[in-house]
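Chemist: With the input below, show me the fold.
(2 chains)
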Amino acid sequence: MRGWAIAAIVGLVALLGACSRGDSESVTVIDARVGAPAGPNAALSFTAIGGDEDDRLVGARSAVASEIQIHETVTGDDGAVGMRPVEGLDLPAGQRLVLEPGGCTSC
Amino acid sequence: MSSRAWPSTHPKEKPSFTLTDTSGETYDFAAETKDQITLLYFGYLNCPDICPVHLAQIVEVFDRMPDVARNTEVVFVSVDPERDSAQETRELLDRFDSRFVGLTGSDEELRVAQEAAGVPPATVAGEGANYTVDHAGWVIAYAPDGPNHVIYPFGTRQSEWSNDLRILAAMGGGSG
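Modeler: As a prediction, the model looks like this:
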């Protein structure tokens, strides 16, 4: 469990950096957590709150992950669920961007 | 009703299929799970989101209901036999609960098992080593008497599991 907790903290720092690449300096990230992984991949969930200006989450890095991707969960017509990579997510000024299990996640 | 679980209005009987467990032994699903509450789930190890959440949720519910857990078989079927070795599947399940059964099989055996269970067949999405797998995202709960009275989609609350498992436990079957 300790390894997962470290991943969450490092992921949080990395995402703060990723969200703050624009001029907006008041982007905040709350409720960051990493779920127990089933295998080599783990889901990082968090809520980002936009700052004074529109921003965009374009990626993330972590010292403990070889790669972090942004995915969204999709449901097919037959009910099957799958994950699809997303190139970026808009974070409008003052708005909340929620990445959560079953929705958009970083992993 | 706020429950997210899906009560089956026309419960299907427990399916018959045979796959291979993480010890390399043949596992006859219907026979091995006879008279037990059975939670059946089709997933894969590289799944970062839906699969581990379901497994973790079951563990947490079991921690609160050890009496029910003792008579419940959790069967995880890997639909990604290309990447999920028996050893890795075992290691994964042991992280959650060493009692969980891990199964897989050939593409054809998995197709038969999924069809028998009434779930959409898993399909590969994306390319390269990091492909993902589209698969049924719900857990099927069979009562000890056989039929699947409840299906748990992703996002089912633990309180719903806890409530339902006690009801399922009372639905006939053997002594456990």
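
Chemist: Quick check: residues of chain A near chain B?
Modeler: Contact residues (Cβ under 8 Å from any Cβ of the partner chain) of chain A with chain B: A:35-43, A:71, A:73, A:75-76, A:78-85, A:101-102, A:105, A:107. In this view, the C-beta of every residue, glycine as well, is placed from N, C-alpha and C.

Chemist: which residues of chain B fall in helices?
Modeler: Here chain B has its helices, by DSSP state H, at B:29-32, B:50-64, B:66-69, B:86-96, B:107-117, B:158-169.

Chemist: Let me know which of those helices is the nearest to residue B:13.
Modeler: helix B:29-32 (8.8 Å; Cβ to Cβ).

Chemist: Give the buried residues for that closest one.
Modeler: B:29, B:30, B:32 (16 or more other Cβ atoms under 10 Å in any protein chain shown).

Chemist: ok, residues contacting it?
Modeler: In this structure, residues lying in contact with helix B:29-32 by Cβ atoms under 8 Å, 6 or more residues apart in numbering or on different chains are B:14, B:15, B:16, B:17, B:18, B:19, B:40, B:73, B:75, B:101, B:103, B:113.

Chemist: Might you quantify the distance of it from its chain's geometric centre?
Modeler: 13 Å (Cα atoms, centre = their mean, to the nearest Å).

Chemist: Likewise for stretch B:38-47?
Modeler: Relative to its chain's centre, stretch B:38-47 lies at 6 Å (Cα atoms, centre = their mean).

Chemist: Kindly report the same for stretch A:31-40.
Modeler: Mean C-alpha position of stretch A:31-40 versus that of the full chain (Cα atoms, centre = their mean) differs by 11 Å.

Chemist: what about the closest residue in space to residue B:147 that isn't next to it in sequence, how many neighbours?
Modeler: Among residues not flanking residue B:147 along the chain, residue B:11 sits closest, at 3.4 Å (Cβ to Cβ, 6 or more residues apart in numbering or on different chains). Per other Cβ atoms under 10 Å in any protein chain shown, the neighbour tally for residue B:11 reads 16.

Chemist: Please apply the same query to the one 3 residues further on.
Modeler: Other residues near residue B:14 come to 23 when the count uses other Cβ under 10 Å.

Chemist: Quick check, it in contact with residue B:36.
Modeler: No: assessed by Cβ atoms under 8 Å, residue B:14 is found out of contact with residue B:36, at 10.0 Å.

Chemist: before we move on, the earlier item: among the contacts of helix B:29-32, name the ones in strands.
Modeler: Cross-referencing the contacts of helix B:29-32 against strands under DSSP state E gives B:18, B:19, B:40, B:73, B:75, B:101, B:103.

Chemist: hmm, back to that, would you tell me which one of the buried residues of helix B:29-32 comes nearest to chain A?
Modeler: Each of these was scored against chain A by Cβ to the nearest Cβ, and residue B:29 proved nearest at 20.4 Å.

Chemist: Residue B:73 versus that closest one, what's the distance?
Modeler: With distances taken as Cβ to Cβ, to the nearest Å, residue B:29 is found 9 Å from residue B:73.

Chemist: got it, and residue B:24?
Modeler: In terms of Cβ to Cβ, residue B:24 sits 19 Å off from residue B:73.

Chemist: higher neighbour count, the two?
Modeler: More crowded of residue B:24 and residue B:73, by other Cβ under 10 Å: residue B:73, with 18 against 7.

Chemist: ok, of the contacts of helix B:29-32, which one's closest to residue A:49?
Modeler: Taking the contacts of helix B:29-32 together and measuring to residue A:49 by Cβ to Cβ, the closest member is residue B:40, at 40.0 Å.

Chemist: Do I have it right that the closest one meets residue B:54?
Modeler: No: the criterion here is Cβ under 8 Å, and residue B:40 misses it with residue B:54 at 11.1 Å.

Chemist: any common contacting residues for the two?
Modeler: In contact with both residue B:40 and residue B:54: residue B:139, using Cβ under 8 Å, 6+ apart.

Chemist: show me where chain A has strands.
Modeler: With DSSP E, the ranges of strands along chain A come out as A:28-34, A:44-49, A:55-57, A:70-75, A:80-85, A:89-91, A:96-99, A:104-106.

Chemist: ok, the third one: who's next to it in the sheet?
Modeler: Think strand A:55-57. Its sheet considered, strand A:55-57 pairs with strand A:89-91 (antiparallel) by DSSP bridges.

Chemist: Please point out which parts of the partner strand sit buried.
Modeler: Those would be A:89, A:91, for strand A:89-91 by 16+ other Cβ under 10 Å.
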